[in-house]
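In: below are the sequence and a predicted model; questions follow.
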Amino acid sequence: MESPSKRVDIVPAKRQALILEHLRVSGAASIQELADTIGGSQSTVRRDLEHLMEKGYLERTHGGAHLLQPMRATFEREMTVNAELQHAEKVAIGREAAQRLSARDSVIFDSSSTVMEVVRAAAERDLPLTVVTNSLQIADFAADIKSWRIILPGGTVRPGYRHLAGEPGESFIKTLHADLCMTGASAVTGTLLTETSLEVASLKRAMISSARKTILLVDSSKFTAPGFCTLSDISEIDEVITDEGISQDALSSLRSAERKVTVVSVSTFPAPGRPKL
């Protein structure tokens, strides 16, 4: 484990993700405990807690904080913070999912942070692919991969998020017949997949309908209370890839629906350059 002194200068999003991960495990913590966790000062922790409180992640308590459970149905994590949460699990899921790609596949990637890890892993394989994505981050990352053809469907950039939603992208995606779709979900509750945003759910439904096969990529923290709107039922998904933190109840629900479920170990696919905390 990396010593606290080596983590003092980490970027705010990563600090805040460490705080949220600690609170997810412990439920509540003092400012001093959180300062020890991230290797920073109490004043830095206070600033991070104020930011996370303003964004709706937690409530302050006397001398500390605790997570809001359950979060509001329309709650959306900040893109930069979300990318750091469960990062090692997302890398492991992404590397497993990248093995499902074959040369000359046409694949639809949504804008979730776990799908971004598939893209990173797939780039290492250097397969010729046709990629359709609403993610500006994925498009920017993949722009220099000469063996990939990148198609952005169009739409409106959602404030605070580097992805497109709405028209004309949704109508364009409905005209496609892709080999594969890789998507995330805000929450999985039993066999129900949900999202926090109506327009994101609508676009993802179009993506799922426009592919011969869909793989759902969700880390174990996503098995929780439903989000604001229905995305689909698990019956519309061909395979679920998650991590070993999934509960037995959640795993049983997926398997009772007779879907293929792949559970990956973080130790098998460690996050590059990041120790397991």
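Out: That came through, no problem. Residues are numbered from 1 along each chain as shown.

In: now do the longest helix seen in the chain: which elements does it pack against?
Out: Across the chain, the helix with the greatest residue count (assigned by DSSP state H) is helix 12-26. Secondary-structure packing of helix 12-26 (3 or more Cβ pairs under 8 Å, 6 or more residues apart in numbering; DSSP states H and E): helix 31-38, helix 42-54, strand 64-67, helix 79-84. Using the backbone N, CA and C atoms, a C-beta is placed for each residue, glycine as well.

In: relative to helix 12-26, how tilted is the second one?
Out: Orientation of helix 42-54 against helix 12-26 (axes from the mean of the first three to the mean of the last three Cα atoms, to 10 degrees) gives an angle of 80 degrees.

In: can you mark which positions in helix 42-54 are buried?
Out: Neighbour-count burial for helix 42-54 flags 44-45, 48-49, 51-52 (criterion: 16 or more other Cβ atoms under 10 Å).

In: may I ask which two of those residues are separated the most?
Out: The most widely separated members of the buried residues of helix 42-54, counting by Cβ to Cβ, are Thr44 and Leu52 (12.6 Å).

In: flag the shaky bits of the chain, pLDDT-wise.
Out: Applying pLDDT under 70 to the chain flags residues 1-9, 67-84, 268-277.

In: show me where it has its helices.
Out: Under DSSP H, the chain gives helices at 12-26, 31-38, 42-54, 79-84, 87-98, 113-125, 136-142, 169-173, 198-209, 248-256.

In: angle of the fifth one against helix 12-26?
Out: An angle of 100 degrees separates the directions of helix 87-98 and helix 12-26 when computed by the same axes, to 10 degrees.

In: any idea how far Glu239 lies from His22?
Out: According to Cβ to Cβ, to the nearest Å, Glu239 stands 32 Å off from His22.

In: the two: who's more crowded?
Out: Neighbour count, other Cβ atoms under 10 Å: between Glu239 and His22, His22 has more, with 19 against 16.

In: against Leu127, how distant is the more buried one?
Out: 38 Å.

In: Ala185 too?
Out: Distance from Ala185 to Leu127, by Cβ to Cβ: 26 Å.

In: same thing with Leu231?
Out: Where Leu127 is concerned, Leu231 sits at a distance of 28 Å (Cβ to Cβ).

In: neighbour-wise, which of the two wins?
Out: Higher neighbour count among Leu231 and Leu127: Leu231, with 25 against 17, using other Cβ under 10 Å.

In: so the more buried one is in contact with Ala185, correct?
Out: Yes - Leu231 lies in contact with Ala185 (Cβ atoms under 8 Å); the separation is 5.6 Å.

In: now the most far-flung residue of the chain relative to its centre: how far from Ala28?
Out: Most distant residue from the mean C-alpha position of the chain: His62, 31.7 Å away (Cα atoms, centre = their mean). His62 is 11 Å from Ala28, where distance means Cβ to Cβ.

In: repeat for Ala92
Out: 28 Å.

In: which of these two has more neighbours?
Out: A direct count of neighbours by other Cβ under 10 Å for Ala92 and Ala28 places Ala92 higher, at 28 against 14.

In: ok, the more buried one touching Thr242?
Out: No - shown here, Ala92 and Thr242 do not form a contact pair, counting by Cβ under 8 Å, at 9.7 Å.

In: before we move on, back to that, please enumerate the shared neighbours of Leu231 and Ala185.
Out: Both Leu231 and Ala185 are contacted by 193-195, 204, under the criterion Cβ atoms under 8 Å, 6 or more residues apart in numbering.
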